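Novice: Next one to model:
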Amino acid sequence: MSATFSTTWTGTLKVGLHFSGLMTDDSKSIARGLKQRDPQLLDLLIEQYQYRLFRYLVHLTGNRERAEDFFQETWVRVLERGHQYDGRWKFEAWLFTIARNLILDWHRRKKPQSLEALSGPDDEASFDVKDEKSATPLETFLSEEQREGIQTSLTKVPVIYREVLVLRFQEEMQLEEIAGVLSTPVSTVKSRLYRGLEALRGAMTGGAA
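Specialist: This next block holds a predicted model:
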C-alpha cells in the first residue's frame with residue numbers, strides 16, 4: 001500500500017465468486033469478512049474506496065503528503081479493528097469515521113485547536129483527486145470547467161463546512177450517515193451544510209467565503 005494507491009497486501013489475487021456482491025454495499029458480508037481478517041476482502045475494499053478516501057483526506061487536511069500518511073494509517077486501522085465493524089452503517093461511513101478520528105487525534109497532539117484550524121488560506125492544496133472508473137451524478141452533470149470552478153471555490157470554504165459539503169454532494173452520504181461520521185446531531189449537520197453552501201456560493205461569485 002502506497003501513495004500511488006497500489007494494493008499489495010498479498011500480491012495478485014484471484015477473487016472468488018463469493019465476493020462478487022460485496023461491492024454493492026453488502027455491509028453484513030463485509031463485516032463477516034473483516035472479522036475473519038480476510039486479505040482478499042481487504043484488497044477489494046482498498047480498490048473500491050481508495051480514491052474516495054484519499055479525496056476526502058485531501059479535502060480535510062489541505063495537504064497531499066499529510067493525506068497520504070493518513071490514507072495508509074486508516075487502512076492499517078481497518079485491518080486492526082475490522083472486528084468492530086458490525087455492518088449497521090455503510091462501510092464507507094465507518095471508513096471515513098476512522099480517517100477523521102486519526103486526523104483529529106493527530107491535530108490534538110500538535111495543537112489544542114478545532115478541526116477548523118486544519119487548513120487555512122495559506123494552504124495551496126489541489127483537490128482534483130479523481131476516480132477515473134466512476135463519476136458522481138454531480139460530476140457527470142457538470143462540465144469540466146464547472147467542476148474546476150467548484151473545486152477551486154471549495155478551497156476558500158472553511159474546512160468545518162467544506163467537509164460536510166464533500167460528504168453530502170461528492171460522497172453522496174445521507175444526513176444521518178454524515179452525523180455518524182462527524183459524531184454530531186443531524187441538526188448540526190444541517191446547519192453546517194447550509195453555512196457551507198452559503199460560503200461556497202460566495203466563493204463562486206467572488207465574495208468572501
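
Novice: show me where this structure has helices.
Specialist: With helices called from DSSP state H, the chain shows them at 27-35, 39-61, 64-81, 91-110, 137-141, 144-154, 159-165, 175-182, 186-204.

Novice: quick one: average pLDDT of the fifth one?
Specialist: It stands for helix 137-141. Helix 137-141 comes out with an average pLDDT of 47.

Novice: returning to that earlier point: where among the helices of the chain is average confidence lowest?
Specialist: Lowest mean pLDDT of these: helix 137-141, a mean of 47.

Novice: gap between Gly87 and Arg52?
Specialist: 19 Å (Cβ to Cβ, to the nearest Å). The way it works is simple: take the backbone N, C-alpha and C, and place the C-beta from them, glycine included.

Novice: likewise Leu60?
Specialist: Counting by Cβ to Cβ - Leu60 and Arg52 are separated by 13 Å.

Novice: higher neighbour count, those two?
Specialist: A direct count of neighbours by other Cβ atoms under 10 Å for Leu60 and Arg52 places Leu60 higher, at 25 against 19.

Novice: was I right about Pro185 contacting Ile178?
Specialist: No. Using Cβ atoms under 8 Å, Pro185 makes no contact with Ile178, being 10.8 Å away.

Novice: And the two? Which one has more around it.
Specialist: Per other Cβ under 10 Å, whichever of Pro185 and Ile178 has more neighbours is Ile178, with 24 against 10.

Novice: ok, the more buried one touching Val164?
Specialist: Yes. Using Cβ under 8 Å, Ile178 is in contact with Val164, at 6.3 Å.

Novice: Need the residues touching each of the two.
Specialist: With contacts taken as Cβ atoms under 8 Å, 6 or more residues apart in numbering, Ile178 and Val164 have Val189 as neighbours in common.

Novice: Understood, closing this out.
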